[in-house]
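# The following comprises the amino acid sequence and a computationally predicted model.
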Amino acid sequence: MAQNVHAKEHGSTGYRHWQSLSDGFLLGLVIVGPTFLAEELWRGRPLIDQAGAWWLLPACIMAIGFFSGGRVAGRKRRARKGAFTQGLMTSGLTLVLIFVADVIRRMVLSDGLPRSVLLVWLEWALAALLAGGLGGLSGRRGTLKARTRHQMGRFH
């Protein structure tokens, strides 16, 4: 009887949504994490602290990571709001982890957090949240299209 209850829990929509959220978080982290680490260790200082706009290259790669994570997280949501929220949560979790890692790194190395860097961080965080939310909507749309194609294939 315990096995039936366990199987029923895994088939519930709540479990599916948590699984999608964790899958999206892991995918986003696999893309964003190494890119962030390389950016932080570039020539001994983060690119964002250096002159120039070279920090935009890893920022674009990380945006792709946030979008991809959101896409995976939102793929099984039926409502647009739910898909956007799922992608937003995935990006938010990844952002918190990365921001905490950067603050710890700066504390250990006795680096400060310049106000200009903090402002760029805030702008970047808003863009990352938006990318994750839009990824969630994209994942939902892709799933709905696949379901429609699958249903149409049954009638041919």
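Received it, and whenever you're ready, just let me know what you need.
# biggest helix in this structure by residues?
helix 115-154 (DSSP state H).
# which parts of that one are buried?
Within helix 115-154, the residues scored as buried using 16 or more other CB atoms under 10 Å are 117, 121, 124-125, 128-140, 143. C-beta coordinates here come from the backbone N, C-alpha and C atoms, glycine included.
# got it, and stretch 85-105?
85-95, 97-98, 102.
# Out of these, name the ones that lie in helices.
Per DSSP H, the subset of the buried residues of stretch 85-105 in helices is 85-95, 97-98, 102.
# count of neighbours near Ser114?
You called it Ser, but residue 114 is Pro. 12 (other CB atoms under 10 Å).
# Renumber starting at 114 from here on
Sure, I'll start numbering at 114, so the last one becomes Pro227.
# Quick check, pLDDT for it.
Pro227 is assigned 77 on the pLDDT scale.
# likewise Leu222?
78.
# Please tell me how far it sits from Gly178.
25 Å (CB to CB, to the nearest Å).
# Please identify which of these two sits among more neighbours.
Applying other CB under 10 Å to Leu222 and Gly178 shows that Gly178 carries more neighbours, namely 26 against 10.
# Could you pull up phi and psi at that one?
phi -60, psi -40 (degrees, to the nearest 10).
# Poorly predicted segments of the protein, please.
114-129, 156-157, 162, 263, 266-269 (pLDDT under 70).
# and if we set it to 90?
114-135, 149-172, 188-192, 195, 212-234, 236-237, 253-269 (pLDDT under 90).
# The spatially closest residue to Leu226 that is not a sequence neighbour sits in which helix or strand?
Leaving aside its sequence neighbours, Leu226 sits nearest to Arg219 (CB to CB, 6 or more residues apart in numbering; 5.8 Å). Applying DSSP states H and E as the criterion places Arg219 in helix 193-221.
# which helices and strands sit right next to that helix?
Here helix 193-221 touches helix 126-154, helix 169-186, helix 228-267, going by 3 or more CB pairs under 8 Å, 6 or more residues apart in numbering; DSSP states H and E.
# Minimum distance to Arg193: which of these has it?
helix 228-267 (6.2 Å; CB to CB).
# Show me what that closest one is packed up against.
Here helix 228-267 touches helix 169-186, helix 193-221, going by 3+ CB pairs under 8 Å, 6+ apart.
# Would you mind putting the ones you listed into TSV with distance to Arg262 alongside?
Compiled in TSV, the helices and strands packed on helix 228-267 are given as follows (distance: least, CB to CB, whole Å):
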stretch	distance to Arg262
helix 169-186	18
helix 193-221	19
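# Alright, that wraps it up for me.
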